[in-house]
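K.L.:
need a structure here:
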Amino acid sequence: RFAKLLGWFEQSYRQIYDKSIEERQAECPDEPALSTYSDLLLFTLFSFKSGLSYDLLGFTTGMDGSTAKRNQDIGIAVLEQALISSGHAPKRSFSSIEEFKTYFSKKGIILIDATEQRTQRPADAEYQKQMYSGKKKPIP
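P.N.:
Take a look at the predicted model:
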């Protein structure tokens with residue numbers, strides 16, 4: 001799977017930058033931290049999986065935090081383009097309910113991660129009562 005993804009990743013890198021990774025690095029005055037497509041892809045996937053801060057990610061991979069951030073940003077952009085062009089990117093938005101229903105009618109069972117998001121507490125007392133969950137108990 002990595003090898004297949006790497007092929008799409010390399011094509012997308014060339015599409016985005018109009019140059020190979022080697023050509024771009026030849027223009028840099030400093031020694032590059034990631035010198036191959038494989039290194040950049042592995043670094044990007046590792047950064048997703050590890051969940052480390054940029055300083056720790058950089059330390060783990062032999063670069064400083066700001067370079068880790070910059071390389072991750074590049075890797076994410078290239079990976080996103082690779083997944084889109086290969087037809088493997090998830091659909092993230094729909095223009096209508098009908099489009100949503102049509103898209104998922106072919107997919108079978110779907111799971112939705114409904115992680116709770118914090119919100120600003122309303123200042124208006126009446127509106128605050130409407131928004132209050134009752135500590136997760138149903139409103140009568």
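
K.L.:
residue ranges in this structure under the pLDDT threshold?
P.N.:
In the prediction, the chain carries residues with pLDDT under 70 at positions 133-140.

K.L.:
what are the ranges of the helices in it?
P.N.:
Listed in chain order, the helices of the chain (DSSP state H) span residues 2-17, 21-26, 37-50, 54-61, 65-86, 97-105, 125-131.

K.L.:
can you lay out those helices as CSV showing distance to residue 115 and mean neighbour count?
P.N.:
Every residue, glycine included, has its C-beta placed from N, CA and C. Conversion of the helices of the chain to CSV gives the following (distance: least, Cβ to Cβ, whole Å; neighbours: other Cβ atoms under 10 Å):
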stretch, distance to residue 115, mean neighbour count
helix 2-17, 27, 16
helix 21-26, 36, 14
helix 37-50, 17, 17
helix 54-61, 23, 17
helix 65-86, 21, 17
helix 97-105, 20, 11
helix 125-131, 18, 10
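
K.L.:
which ones are touching the spatially most central residue of the chain?
P.N.:
For the chain, the residue sitting closest to the mean C-alpha position, by Cα atoms, centre = their mean, is residue 76 at 6.1 Å. For residue 76, the set of contacting residues under the criterion of Cβ atoms under 8 Å, 6 or more residues apart in numbering consists of residue 44.

K.L.:
ok, now the one 5 residues further on?
P.N.:
For residue 81, the contacting residues are 12, 15-16, by Cβ under 8 Å, 6+ apart.

K.L.:
and which of those is nearest residue 108?
P.N.:
When the contacts of residue 81 are compared for distance to residue 108 (Cβ to Cβ), residue 12 comes out closest, at 29.3 Å.

K.L.:
so which of the helices of the chain is nearest residue 116?
P.N.:
Nearest of the helices of the chain to residue 116, taken as Cβ to Cβ: helix 125-131 at 13.2 Å.

K.L.:
hmm, who's touching the closest one?
P.N.:
For helix 125-131, the external contacting residues (Cβ under 8 Å, 6+ apart) are 119, 121-122.

K.L.:
mind checking how far residue 48 is from residue 114?
P.N.:
From residue 48 over to residue 114 the distance is 21 Å, taken as Cβ to Cβ, to the nearest Å.
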